[in-house]
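Novice: Got a sequence here, can you build the structure:
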Amino acid sequence: MDSDLRRFRELPAPTEAGRREPIKIEALTRQLARGDEAAYRVFYDAYFDRLSRYLLVVTAGDEDAAREALQGMLIRLVKYVRVFTDETVFWSWLTVLARSSWSDDKRKRRRYLAFLDRFTLYSRVEKETGMEDPLGKLLELQLSMLTAPERQLIEQKYFEHLPVRFIAEQMKLTEKAVESSLARIRRKLKHSVLSALKNESPN
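Specialist: Predicted coordinates for the structure are as follows:
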């Protein structure tokens, strides 16, 4: 994944000058399919902002989700780009990649939220039966390593099931700011849990 994104990481920000020359889609996509670095610069300049705006609409203004979806879309572009002769068809294909990336991200997010729900259930079972759950213990440890404000936000949203609007009012923040913080904390927890599982020694 990192190698696929490397093409885009060092590219400059889009400039108006880069949009003055009309793009020849067939030549551009042919060069993209060959892995031509200059072609990826042209693509970035012409489509990066446009795709960013498109995904902001798709994600209802969630900047973090749009950014993640765009990253996934770029990976798909590198892997699956082919020759197109019509710009309209090419743009439609790009939007399909973008929506597919967003859908995958949503599925991953739902699976992770389900994981948090299972942790809540396992914690209750452990308290009622005295049985220990190793996976629950691992997540509990990672939760304990969050900052106090991060833990409070996770507990209010996923353990107490408080509405985002209520949490935002309590914290004197916008709902969008709260959702953005929750997304960031979820990613942080996901990475720490997966890293711990990966490094855990087998019995």
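Novice: switch to C-alpha atoms for all contacts and neighbour counts from now on
Specialist: Noted.
Novice: Would you mind measuring from Ala60 to Arg53?
Specialist: 11 Å (CA to CA, to the nearest Å).
Novice: quick one, which of the two is more surrounded?
Specialist: Taking other CA atoms under 10 Å, Ala60 and Arg53 do not tie; Arg53 has more neighbours (15 against 10).
Novice: Which strand or helix spans that one?
Specialist: Using DSSP states H and E, Arg53 sits within helix 37-58.
Novice: Which strands or helices does that helix pack on?
Specialist: On a contact count with 3 or more CA pairs under 8 Å, 6 or more residues apart in numbering; DSSP states H and E, helix 37-58 meets helix 2-9, helix 25-34, helix 63-80, helix 87-129.
Novice: mean pLDDT for the ones you listed: which is lowest?
Specialist: In terms of mean pLDDT, the lowest-scoring of the helices and strands packed on helix 37-58 is helix 2-9 (a mean of 45).
Novice: my guess is Ile167 contacts Gln156, does it?
Specialist: Yes: with contact defined as CA atoms under 8 Å, Ile167 reaches Gln156; the gap is 7.4 Å.
Novice: Common neighbours of those two, please.
Specialist: Both Ile167 and Gln156 lack any common contact, where contact means CA atoms under 8 Å, 6 or more residues apart in numbering.
Novice: what about the nearest residue to Tyr40 once chain neighbours are set aside, distance to Tyr47?
Specialist: Leaving aside its chain neighbours, Tyr40 sits nearest to Leu32 (6.4 Å; criterion: CA to CA, 6 or more residues apart in numbering). As judged by CA to CA, Leu32 and Tyr47 stand 13 Å apart.
Novice: These two: who's more crowded?
Specialist: Taking neighbours as other CA under 10 Å, Leu32 and Tyr47 compare with Leu32 leading, 23 against 15.
Novice: From Arg151, how far off is that one?
Specialist: 45 Å.
Novice: One more: Phe48?
Specialist: Taking CA to CA, one finds Phe48 at 35 Å from Arg151.
Novice: just Ala98 next, same as before
Specialist: 32 Å.
Novice: Looking at these two, which is more packed in?
Specialist: Ala98 (26 against 15).
Novice: OK, contacts around the more buried one?
Specialist: Here Ala98 is in contact with 51, 55, 69-70, 72-73 (CA under 8 Å, 6+ apart).
Novice: before we move on, what about Ser100?
Specialist: Counting by CA under 8 Å, 6+ apart, Ser100 has contacts Met73.
Novice: Please renumber the chain so that the first residue is 479 from this point on.
Specialist: Okay, residue one is now 479; in that scheme the one you just asked about reads as Ser578.
Novice: Could you tell me the phi and psi values at Thr537?
Specialist: Dihedral pair for Thr537: phi -90, psi 10, per degrees, to the nearest 10.
Novice: how deep is the closest residue in space to it that isn't next to it in sequence tucked in, by neighbour count?
Specialist: Nearest-residue entry for Thr537: Ala544, 6.1 Å, with adjacent residues in sequence omitted and distances by CA to CA, 6+ apart. Residue crowding around Ala544 was assessed by other CA under 10 Å; the count is 25.
Novice: what's around Val574, how many residues?
Specialist: 13.
Novice: what helix or strand is Phe562 on?
Specialist: Using DSSP H and E, no helix or strand contains Phe562.
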